[in-house]
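S.K.: Give me the fold of what follows.
(one chain, ligands or ions: 1)
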Amino acid sequence: MKLIYISLFLCCFVFLTCCNNEAVKPKIITPAETSSDINNVTVALPDAKGVDLVTTNCATCHSLRYIEMQPDMTKKGWDKIVKKMVKNYGAPISDTVVINQIIDYLATIKGKK
Ligand code: HEC
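M.R.: Predicted structure coming up:
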């Protein structure tokens with residue numbers, strides 16, 4: 001009979017120590033830890049010819065992170081993206097010389113060989 005009490009006590013003890021474990025408590029995540037607004041990310045693009053044209057013309061609507069996170073593309077691929085920015089989204093770049101320099105820059109830093 002004594003043995004039953006002892007084992008009951010041990011069971012309770014094990015149960016309580018397991019369920020009061022600090023590590024089991026859920027971690028409270030504050031909004032600051034989860035915030036990842038893409039437009040609040042500052043990106044320094046690699047230095048190459050035309051970087052200033054990109055930083056002045058391509059960061060007015062969205063972060064330069066949009067460029068950084070693209071996969072490497074051929075010059076044709078970048079041409080398509082830049083022309084989409086101008087034609088579809090209204091990027092105010094009318095000078096074709098500037099447009100071509102931007103495409104050259106993008107193909108230099110993220111070009112597919
Ligand atoms: C007039 C505003 C505007 C300007 C200026 C602009 N973009 Fe965009 N860009 C957009 C919009 C709108 C999207 C689509 C956003 C989305 O899908 O969340 C976008 C998306 C992108 C993307 C993501 C891929 C894709 O095809 O949607 C890339 C890369 C990009 N822009 C590059 C550029 C580059 C390079 C320039 C400079 C030549 C530029 N943007 C200038 C408005 C602009």
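S.K.: hey, where'd the helices end up in the protein?
M.R.: 2-19, 31-34, 51-57, 65-68, 75-87, 96-109 (DSSP state H).
S.K.: how about residue 89, what does it touch?
M.R.: residue 61 (C-beta atoms under 8 Å, 6 or more residues apart in numbering). In this view, the C-beta of every residue, glycine as well, is placed from N, C-alpha and C.
S.K.: Try it again at 10 Å.
M.R.: Residues in contact with residue 89 (C-beta atoms under 10 Å, 6 or more residues apart in numbering) are 61-62.
S.K.: Enumerate the residues of the protein near the ligand.
M.R.: By the rule C-beta under 6 Å from any ligand atom, the part of the chain lying against the ligand is 57-58, 60-62, 66-67, 70, 81-82, 85, 89-91, 102.
S.K.: go with 5 Å
M.R.: 57-58, 60-61, 66, 70, 82, 85, 89-91, 102 (C-beta under 5 Å from any ligand atom).
S.K.: Reformat those into TSV and put pLDDT next to each item.
M.R.: Listed next are those as TSV, based on pLDDT from 0 to 100:
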residue	pLDDT
57	97
58	97
60	94
61	95
66	95
70	96
82	98
85	98
89	97
90	97
91	97
102	98
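S.K.: gap between the closest residue to residue 107 other than its chain neighbours and the ligand?
M.R.: Of all residues not flanking residue 107 in the chain, residue 75 sits nearest, at 4.2 Å (C-beta to C-beta, 6 or more residues apart in numbering). In this view, residue 75 and the ligand are 13 Å apart by C-beta to the nearest ligand atom, to the nearest Å.
S.K.: contacting residues for residue 75?
M.R.: Taking C-beta under 10 Å, 6+ apart, one finds 100, 103-104, 106-108, 111-112 in contact with residue 75.
S.K.: 7 Å instead, please
M.R.: 103, 107, 111 (C-beta atoms under 7 Å, 6 or more residues apart in numbering).
S.K.: Return the closest of these with respect to the ligand.
M.R.: residue 103 (8.4 Å; C-beta to the nearest ligand atom).
S.K.: pretty sure that closest one contacts residue 82?
M.R.: Yes. Under the criterion of C-beta atoms under 7 Å, residue 103 makes contact with residue 82 at 5.4 Å.
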